[in-house]
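Asker: need the 3D shape of this:
(2 chains)
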Amino acid sequence: MAIADRRRGTPQRNFARFIHAFNTEARMAARSWTVHWLGWIWPLILFVVISGIYQAGTLQDMPVAVVDQDHSTLSRQYVRQLDAGSHASLVTAEGGLSEALDGLQQGDQYGLIYLPHDFEADALAGRQPSAAFYYNSLFYAAGFYSTLDASGLTAGLQQSMRPQLAAGMGLSMPGLASISVAFESLYNASGNYIYYQQFAAVVHLLQLFVIVATIHVLAREAPELRASSPHILRAKALGVRLVGKLAPYTLLFSTLLMIEVFFLVWLNGAVIKGSVLWMLAITAFYVAASQAVGLVLFIFTANRFSAYSLVGMLIGIAQTYSGVLIPALAMPLPAQLISHIEPLTHALSGLFDQFLRDAPGTSGLYACLKLSLYPLIAYVIAKQRLRKRLDFSPA
Amino acid sequence: MLNFWKVLQLSLKNMLAKPLWLLLVATVCIASLPYLGRTIDNLPVAVVDMDHTSASRQLSRLLDAAPKIAVRSYDNLPDAKRDLAWRELFGVIIIPVDFEKRLLRGESLVVPVFGDATNRMANGQIQQDITATYNQLLNDLNRAVLMREGFSERQADVILRPLITRLVDLYNPGTSFAAIVLPGLVTLVLQHGLLLSSTRINLNLRGGTPRSLRQPLSTRLGRYAAQLLVWMVLAMLLYVIWPHIFGFRQTASFWALLGLVLPFLLAVLAFSEFLAELLPSEEAVYLTLTFVTMPLFYLAGYTWPPQAMPQWVLWLANAIPSTWAIRAVAEMNQMNLPLLETGRHVLVLLALAAGYGLAGTLIYQWRNYRRDHGKEPTPLA
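Answerer: Numbers count the residues shown, from 1 in each chain, chains lettered A, B, ... in the order given. Just a heads-up that it's a prediction; the model follows:
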């Protein structure tokens, strides 16, 4: 009977331990300058900087140099119409080809159009002259965008010249088929980098903040910083107290990311295509997964500085493997596997699905399930190793 | 001088005993793995053929032959749309009913193509190949129409293409993603590692310490020299040997790169001296600098052009050594410019080194002055 009573009381006792750990940690966090710094001051400053970088949103009017050797009606029409397009802003290279090439090499312009001598005369005589559009494919985004209007312009000019050329050949022009490729860019029709690159950068940065904050908070329980903090994890029931200790930060960083996403959406007039609730759920699971990474790093390092150093390693790796710089499907197989180990990859996929894409409703659930694996694995490791790490770390 | 050599030897011994630099090499190794393929090829694109004619099959074959596209045939649009949503595809091309019939009649056709534009790079590559493939098919069909009407093959070709625009990709033929991303990533990983380790060390040498604990200038220079030696070896490993092993494009000579790396590392060291005077503790170094590397990647003007950034962001970007180093490495290694042509970037790096060094020294002297005159009660670190 007594054993049964004790068993009945266990959930209540664990809940009380959780609440105690939560309240103690939350009070401590509210007084900690470091938590304020990591929890909102530094993230919001960096959010402003990243927003500044992508303020323009889309790439338009990319500078392109023009070397017009012909100065004919056709060449001037070519230049005028390309300049009137939205992607290129043409600059005449007064110093000729060498000056234009210098500008291209030094990144002052991203493209160079070269219209040769007798461009118009050759076109009317049927000698098929070539206008060369050199673009910088190293600065790929700017270089590629500067060329986007060229093929449409060329097709238009070709069409307008055909009747005149056919008449010159003494033949009548038959009706020709034409295909317009209606390329519909799904999920991000305007090609806005704010919705993709900036969003991904903000989500990525949050992971770093969560990991570093988790290491710092746990180090306060270890001898290296113990004097400055109450010892929540020293008491019985490590697991539930650990969850209670980390839960205030799960709430803090989930709220932070949702506020940042809200600013991003509100300031840019974006529309969330999916469910805000799923976004919130994915965010909470993502924060918990990042805390799990911080917990494991803390457990397997001798002191917090070693753990912080390993976070530096995560920066480049998470960024590379998340699929933002290079799509995961285009990576070699081993890289795709590493990409799937990273919580950032799943968080970004789930959040993009809700924010931009018409993904199936189950996508949010899958993202949460995948992200929930990290805290579960970390919890098992922590039950085995955390106490040892806290006792034996250097004072 | 004796002290300088002693400190240099001791610092080198300490740094080699704690191989944190190996972490940096490991980071670059792992981060390079996705770029082994160098260019993006064979991105899966669905073709939903609703026409089932020789023209539609020819189009499907032409699309599959395009370098960036790998065709996956679908019987119906909903299946293709579902796989697009689940990231199994990068695009969906629909070949409509009566595609061939309407082409042969000389009608105007609008062909719908759906591309996943969340990643603009992959989307852009596919878009280029699809447009080129349709133009090729159209030219073949229209050439046949013209020749039936009495035009010779040469005349038909002139009618179809009286003028041509040739798109030529420079400095990164075939659009290697490694060339686009790795110079920036390597430079920032180098800067991140050196900035963290050097700022931590400089905290012990900062101003405001009691007179008895202050180190002579030779100690400071000895430590800098040790840092410089280790990081120079690392930088040359990552800038020269690493791309060589992977077969990435590399046009700059060893000595030209060395001429850039030295000012870059000097600028980072001076920057770390300046930061050490501002940051309150060793932990603050990590709690602050860990997070700046990623925004600096985007600030460098490499993946996002400076022309699209506001002025205040450009001022910030230009105050960071990595911005100039990335530009110079790209110009030397990818655009084939000699060191002399990139001299302005090297000069800026030297100016940054001088500026940050001077600012750091001034704060150091000011702190010491305040300490000596009883205005700074306790050292911060």
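
Asker: nearest spatial neighbour of residue B:223, chain-adjacent residues omitted?
Answerer: If the residues on either side of it in the chain are set aside, residue B:223 comes closest to residue B:11, at 5.1 Å by CB to CB, 6 or more residues apart in numbering or on different chains. For glycine as for every other residue, the C-beta is placed from the backbone atoms N, C-alpha and C.

Asker: go on, residue B:234?
Answerer: Nearest non-adjacent residue to residue B:234, counting by CB to CB, 6+ apart: residue B:21, 5.7 Å away.

Asker: name the helix or strand for that neighbour, please.
Answerer: With elements delineated by DSSP states H and E, residue B:21 resides in helix B:20-32, which encompasses its position.

Asker: for residue 147, what are its contacts?
Answerer: Just going to use chain A. Under the criterion of CB atoms under 8 Å, 6 or more residues apart in numbering or on different chains, the contact list for residue A:147 reads A:87, A:88, A:111, A:133, A:135, B:167.

Asker: the chain in question should be chain B.
Answerer: Neighbour list for residue B:147: B:153, B:156 [criterion: CB under 8 Å, 6+ apart].

Asker: over to residue B:294?
Answerer: The neighbours of residue B:294, taking CB under 8 Å, 6+ apart as the test, are A:201, A:204, A:205, A:208, A:315, A:319.

Asker: buried ones from the residues you listed, can you make that a ChimeraX selection?
Answerer: Buried residues among the contacts of residue B:294 (16 or more other CB atoms under 10 Å in any protein chain shown), as a ChimeraX selection:
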select /A:201,204,205,208,315,319
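
Asker: quick one: which of the contacts of residue B:294 is nearest to residue B:215?
Answerer: Minimum separation from residue B:215 among these (CB to CB) is found for residue A:315, which lies at 32.0 Å.

Asker: would you confirm that that closest one contacts residue B:192?
Answerer: Yes - checked against CB atoms under 8 Å, the pair residue A:315 and residue B:192 is within contact range at 7.1 Å.

Asker: which neighbours do these two have in common?
Answerer: Residues within reach of residue A:315 and of residue B:192 at once, by CB under 8 Å, 6+ apart, are residue B:293.

Asker: hang on, the earlier thing: got the contact list for the helix holding residue B:21?
Answerer: For helix B:20-32, the surrounding residues in contact (CB under 8 Å, 6+ apart) are A:309-310, A:312-313, A:316-317, A:319-320, A:338, B:15, B:178, B:182, B:185-186, B:189-190, B:193, B:197, B:230-231, B:234, B:237-238, B:242, B:246.

Asker: what's the answer for stretch A:15-31, then?
Answerer: Residues from elsewhere that reach stretch A:15-31 (CB under 8 Å, 6+ apart): A:35, A:39, A:217, A:229-230, A:232, A:235, A:237, A:240-249, A:252.

Asker: which non-adjacent residue is nearest residue A:136?
Answerer: Counting by CB to CB, 6+ apart, the residue nearest residue A:136 is residue A:143, at 4.0 Å.

Asker: any idea how chain A splits into domains?
Answerer: For chain A, the structural domains run A:13-55+A:194-392, A:62-168, going by automatic domain parsing.

Asker: before we move on, the earlier item: between the contacts of residue A:147, which sits nearest residue B:64?
Answerer: If you rank those by distance to residue B:64 using CB to CB, residue B:167 comes first, at 21.8 Å.

Asker: tell me the SS of that closest one?
Answerer: Counting by DSSP: H, G, I helix; E, B strand; the rest coil, the backbone at residue B:167 sits in strand.

Asker: what separation do you get for the residue nearest to it when sequence neighbours are not counted and residue A:103?
Answerer: For residue B:167, ignoring the flanking residues on the chain, the nearest one in space by CB to CB, 6+ apart is residue A:133 at 5.2 Å. In this view, residue A:133 and residue A:103 are 15 Å apart by CB to CB, to the nearest Å.

Asker: higher neighbour count, those two?
Answerer: A side-by-side neighbour count of residue A:133 and residue A:103, using other CB atoms under 10 Å in any protein chain shown, places residue A:133 first with 22 against 19.

Asker: assign that one to helix, strand or coil.
Answerer: strand.

Asker: how close does it sit to residue A:123?
Answerer: For residue A:133, the distance to residue A:123 under the criterion CB to CB works out to 16 Å.

Asker: dump the residue contacts of residue A:183.
Answerer: Listed by CB under 8 Å, 6+ apart, the contact set of residue A:183 reads B:113, B:115, B:127, B:130, B:131.

Asker: can you redo those as CSV with neighbour count and distance to chain A?
Answerer: Formatted as CSV, the entries for the contacts of residue A:183 read as follows, by neighbours: other CB atoms under 10 Å in any protein chain shown; distance: CB to the nearest CB, whole Å:
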residue, neighbour count, distance to chain A
B:113, 19, 5
B:115, 27, 6
B:127, 21, 6
B:130, 22, 6
B:131, 17, 6
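
Asker: show me which pair in those is furthest apart.
Answerer: Longest span within these, CB to CB: B:115 and B:131, 11.3 Å.

Asker: please, where are all the helices along the stretch 1-150 of chain B?
Answerer: B:2-17, B:20-32, B:54-65, B:77-85, B:99-104, B:120-148 (DSSP state H, counting those that start in this stretch).

Asker: between those, which gets nearest to residue A:326?
Answerer: The nearest among the helices of the stretch 1-150 of chain B, by CB to CB, is helix B:120-148 at 7.7 Å.

Asker: buried sites along that closest one?
Answerer: Neighbour counts over helix B:120-148 (16+ other CB under 10 Å) mark B:120-135, B:137-138, B:141-143, B:145-146 as buried.

Asker: then stretch B:225-236?
Answerer: Along stretch B:225-236, these residues count as buried under the neighbour rule (16+ other CB under 10 Å): B:225, B:226, B:227, B:228, B:230, B:231, B:234, B:235.

Asker: ok, residue 212 - how many residues close by?
Answerer: Using chain A. Using other CB under 10 Å as the criterion, residue A:212 is surrounded by 24 other residues.

Asker: wrong one, chain B
Answerer: In terms of burial, residue B:212 registers 5 neighbours under the definition other CB under 10 Å.

Asker: alright, calling it a day.
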